[in-house]
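A.B. asks: A predicted structure for the sequence below; I have some questions about it.
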Amino acid sequence: MTEPHYIEPTSASRAKLAAATLAVLAIGLAFERWVSPRLQWVASLPTCDSLPWVRLELLFGVLVCWYIGYAAFKQGRETWRTGQTPLPNTWVWQRTRVRTGGYAKFTAVLALATSAFFLIGPLVIFIWQKLYLIFCFPQSCGCT
């Protein structure tokens with residue numbers, strides 16, 4: 001049996017992981033400070049006045065889901081292609097064992113399934129819950 005391979009952390013990869021973590025925290029704080037009050041204001045508006053804002057919220061949510069699906073697809077495709085997880089040049093905080101074979105293929109399939117969920121799921125919900133009605137003409141929604 002061959003010796004297991006590891007991805008070793010570097011100070012640069014740790015700095016990038018720390019910066020990414022701080023960026024996520026900053027985005028969450030900004031959302032809490034500026035976006036949440038705006039969403040509460042939109043919720044207090046009459047239906048016809050809030051319709052453009054609700055459309056924007058829905059589009060933003062679908063675009064975020066599609067971005068997550070795209071990222072999961074890329075991860076799954078590369079994991080399948082290379083046959084290893086984590087992928088080469090992955091940022092790691094600590095020494096991480098590289099796994100190959102069935103484990104890597106299973107990880108790739110899970111990433112591709114997650115991708116399909118995030119790419120197709122919003123469309124299914126959009127049609128099933130009839131959210132397309134939000135994009136109706138204002139007159140047909142009862143707004144003048």
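C.D. replies: Received, thanks.

A.B. asks: so who does residue 100 touch?
C.D. replies: If you count contacts by CB atoms under 8 Å, 6 or more residues apart in numbering, residue 100 has them with 83-85. Bear in mind the C-beta positions are built from the backbone N, C-alpha and C, glycine included.

A.B. asks: can you tell me which of these are buried?
C.D. replies: 84-85 (16 or more other CB atoms under 10 Å).

A.B. asks: quick one, strands of the chain?
C.D. replies: 6-7, 84-85, 96-97, 99-100 (DSSP state E).

A.B. asks: point out where the protein drops to low pLDDT.
C.D. replies: Applying pLDDT under 70 to the chain flags residues 1, 137-141, 144.

A.B. asks: spatially central, which residue of it would that be?
C.D. replies: residue 68 (2.8 Å; CA atoms, centre = their mean).

A.B. asks: separation between that one and residue 50?
C.D. replies: 26 Å (CB to CB, to the nearest Å).

A.B. asks: try residue 64
C.D. replies: In terms of CB to CB, residue 64 sits 20 Å off from residue 50.

A.B. asks: settle it for me: which of the two has more neighbours?
C.D. replies: residue 50 (15 against 12; other CB atoms under 10 Å).

A.B. asks: returning to that earlier point: okay if I get the strands of the chain as CSV plus distance to residue 143?
C.D. replies: Below are the strands of the chain laid out as CSV (distance: least, CB to CB, whole Å):
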stretch, distance to residue 143
strand 6-7, 56
strand 84-85, 51
strand 96-97, 55
strand 99-100, 56
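
A.B. asks: so which of the ones you listed gets nearest residue 113?
C.D. replies: strand 84-85 (15.0 Å; CB to CB).

A.B. asks: pairing partners for that closest one, with directions?
C.D. replies: Partner strands for strand 84-85, per DSSP bridges, with pairing direction: strand 99-100 (antiparallel).
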